[in-house]
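Chemist: Give me a model of this one.
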Amino acid sequence: MHLIVRTDAEAQIASGYGWYEEERRGLGAEFVEELSFTIAAIELHPLRFPRVKRNLRRALVRRFPYGVYFLIRDDAIVVTGVRHLARDPRRIHHRVR
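Modeler: Numbers count the residues shown, from 1 in each chain. Down below sits the predicted model:
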């Protein structure tokens with residue numbers, strides 16, 4: 001399976017990076033590194049992560065309060081969002097379709 005990261009998810013990653021980088025120089029890079037480890041784990045074992053709604057699954061990012069939301073398609077893993085866990089979960093769920 002190949003990995004597809006939707007444009008919305010890329011924008012959320014960039015936003016998280018920017019916020020953490022403003023908090024402390026280098027923290028944004030640490031966020032992206034942890035996110036990369038999470039995405040690699042999703043690629044290796046996508047079924048390991050729980051469903052949060054219908055076919056939407058979530059993997060938690062270590063050290064940072066973020067979840068990577070994704071769908072498993074026939075030939076791809078589609079990352080639909082990378083969200084801060086304190087934000088309204090209904091905003092990610094509408095993208096399941």
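Chemist: List the neighbouring strands of the longest strand out of those in the chain plus their orientation.
Modeler: For the chain, the strand reaching the highest residue count under DSSP state E is reported as strand 76-84. As defined by DSSP bridges, the strand partners of strand 76-84 come to strand 2-5 (parallel), strand 66-72 (antiparallel).
Chemist: Okay, angle between whichever helix or strand comes after the first one and strand 76-84 too, please.
Modeler: Spelled out, that is strand 2-5. Sequence-wise, the next helix or strand downstream of strand 2-5 (DSSP states H and E) is helix 7-23. Per axes from the mean of the first three to the mean of the last three C-alpha atoms, to 10 degrees, the angle that helix 7-23 makes with strand 76-84 is 40 degrees.
Chemist: Which residue lies nearest the spatial centre of the protein?
Modeler: residue 68 (2.1 Å; C-alpha atoms, centre = their mean).
Chemist: still on that earlier bit, now, of the strands paired with strand 76-84, which is deepest in the fold?
Modeler: strand 66-72 (a mean of 23; mean count of other C-beta atoms under 10 Å). Bear in mind the C-beta positions are built from the backbone N, C-alpha and C, glycine included.
Chemist: what about dumping the CA coordinates of it to CSV?
Modeler: Only the C-alpha atoms of strand 66-72 are listed here, as CSV (Å, rounded to 0.1, in the frame of the first residue of the first chain):
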residue,chain,number,x,y,z
TYR,A,66,-1.9,15.0,18.3
GLY,A,67,-3.7,12.3,16.5
VAL,A,68,-3.1,11.1,12.9
TYR,A,69,-6.5,10.2,11.3
PHE,A,70,-6.5,7.9,8.4
LEU,A,71,-8.5,5.5,6.2
ILE,A,72,-7.4,2.2,4.7
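Chemist: for that strand, what is the average pLDDT?
Modeler: On average, the pLDDT along strand 66-72 is 97.
Chemist: for stretch 5-12, same thing?
Modeler: Rounded mean pLDDT across stretch 5-12 is 96.
Chemist: Need the contact partners of it.
Modeler: 13, 68-69, 78-83, 95 (C-beta atoms under 8 Å, 6 or more residues apart in numbering).
Chemist: could you flag which of these are buried?
Modeler: 13, 68-69, 78-83 (16 or more other C-beta atoms under 10 Å).
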